[in-house]
Every structure is written in C-alpha cells, then in structure tokens.
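S.K.: Output the structure for:
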Amino acid sequence: MSTRKLVLAAFFAALPVVLSFVPGSIPVAGAKLLPWQHMTNAIAGVLLGPWYAALAATVAAILRNQFGVGTLLAFPGGIPGALVVGFAHMLWRRSWVGLLEPVGTVVVGATVGAALVAPSLMGKAIPLGTLAYLFLASSIPGAILGVLILRALERAGVAAPAGRLSR
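M.R.: Residues are numbered from 1 along each chain as shown. Model prediction:
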C-alpha cells in the first residue's frame with residue numbers, strides 16, 4: 001500500500017464531491033449526472049490503477065449520497081468506469097485509455113443500475129436504454145476532459161507519458 005496513492009485516491013474521491021456542489025450535477029430521470037466523476041475516473045484509473053481508482057469512486061459515491069448530491073446510481077455509474085480505465089492502462093500504458101471510461105460506465109454500470117440498483121434499492125424502474133443513454137451523455141464529455149487533463153499533466157511533467165506519476 002502506497003501512502004502517495006492513498007492521498008491521491010482521497011483527492012480523487014473528494015474532487016467529484018466538491019464538483020457536485022459547484023457547478024453541480026444534472027438531475028435527469030432519477031439520476032444525478034456528473035461528468036466530473038467520469039473525468040476523475042479517467043485520471044485516477046491512469047495514475048493510480050484500477051483498485052485505488054475504484055476505491056476513490058466508491059468513496060465519492062458514498063459521500064455524494066450522504067450529502068444529498070448523488071443517488072444510489074452513483075455506485076454503478078462510477079465504479080465500473082474507474083475499473084475499466086485502470087485495467088486498460090495496465091494493458092496499454094497510455095493515457096488515451098481514459099477514453100474507455102464510458103465502456104465501463106455504460107456497458108456495466110447502466111446494466112447494473114437498470115437491472116438491480118434502480119428497481120431494488122430506489123423503487124424505480126428505469127429502462128436500460130434510458131439509463132445507458134444518460135450515462136453515455138455524462139461519461140463521454142467527462143472522459144474526454146479527463147484525457148485532456150492527463151495530457152496537460154504529461155506536458156507539465158507531473159505525469160509520465162505512460163501515465164505514471166513523476167517524482
């Protein structure tokens with residue numbers, strides 16, 4: 001366990017929570033869309049790997065629900081995207097893998113959200129197509145922004161081109 005990664009994971013957990021207040025989330029069809037979560041997933045998955053990124057997304061979802069700025073859909077809407085980016089980065093070692101965040105969010109997250117979380121924990125029936133469309137609309141701009149930030153961090157010398165943190 002790395003202290004540096006834990007501190008960064010705490011930062012990446014706090015960032016989307018703060019951004020849930022300002023500029024805020026987008027409430028649609030029982031979900032509160034937050035592109036900033038997907039931006040954070042793209043960055044954390046590349047810089048920290050799948051497990052720390054998933055930990056940050058889980059803590060962010062817990063805090064967003066506690067503060068009333070998220071719904072239970074924050075769990076399936078955030079964690080799978082972080083895992084996909086982290087695992088993809090282990091395979092390809094490039095920052096562009098942040099663009100794969102919507103794969104986890106839409107394919108896994110929307111399916112789990114529509115099939116399990118919304119009907120059993122929220123008492124709502126949200127069609128898979130609706131939730132997939134909403135998650136896609138939130139995750140694509142977030143992932144693009146995350147990759148742009150990763151590229152800026154690489155140019156600034158904070159992150160190596162392969163996504164690892166520079167000393």
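S.K.: lowest average confidence, helix or strand, in the protein?
M.R.: Taking mean pLDDT, DSSP states H and E as the measure, the chain has strand 31-33 as its least confident helix or strand, at a mean of 80.
S.K.: Packing partners of that strand?
M.R.: Applying 3 or more C-beta pairs under 8 Å, 6 or more residues apart in numbering; DSSP states H and E, we find strand 31-33 packed against strand 26-28, helix 128-155. In this view, the C-beta of every residue, glycine as well, is placed from N, C-alpha and C.
S.K.: try 10 Å this time
M.R.: Under the contact criterion of 3 or more C-beta pairs under 10 Å, 6 or more residues apart in numbering; DSSP states H and E, strand 31-33 touches strand 26-28, helix 74-92, helix 128-155.
S.K.: okay, the ones you listed, which one's buried deepest?
M.R.: Burial of the helices and strands packed on strand 31-33 is given as mean neighbour count (mean count of other C-beta atoms under 10 Å); helix 74-92 ranks first at a mean of 25.
S.K.: Tell me the first helix or strand C-terminal of that helix.
M.R.: As assigned by DSSP states H and E, the chain's next helix or strand after helix 74-92 is helix 101-102.
S.K.: Measure how far that following helix is from the centre of its chain, please.
M.R.: Relative to its chain's centre, helix 101-102 lies at 8 Å (C-alpha atoms, centre = their mean, to the nearest Å).
S.K.: returning to what we had before: what about the least confident helix or strand of the chain, distance to the chain center?
M.R.: Strand 31-33 sits 13 Å away from the centroid of its parent chain (C-alpha atoms, centre = their mean).
S.K.: Over to stretch 142-149?
M.R.: With C-alpha atoms, centre = their mean, you get 11 Å for stretch 142-149.
S.K.: residues making contact with it?
M.R.: Identification of contacts with stretch 142-149 by C-beta atoms under 10 Å, 6 or more residues apart in numbering yields 16, 33-46, 81, 85, 94-103, 105, 139, 159.
S.K.: Just the buried subset of these, written out for ChimeraX, thanks.
M.R.: Buried subset of those, written as a ChimeraX selection, criterion 16 or more other C-beta atoms under 10 Å:
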select :16,33,34,35,36,37,38,39,40,41,42,43,44,45,46,81,85,95,97,98,99,100,101,102,103,105,139,159
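S.K.: quick one on the thing from earlier: who touches the least confident helix or strand of the chain?
M.R.: Strand 31-33 is contacted by residues 20, 24-27, 64-65, 68-74, 77, 110, 113, 118, 122, 124, 126, 130-131, 134-135, 137-139, 142 when judged by C-beta under 10 Å, 6+ apart.
S.K.: That's all I had, so thanks and see you.
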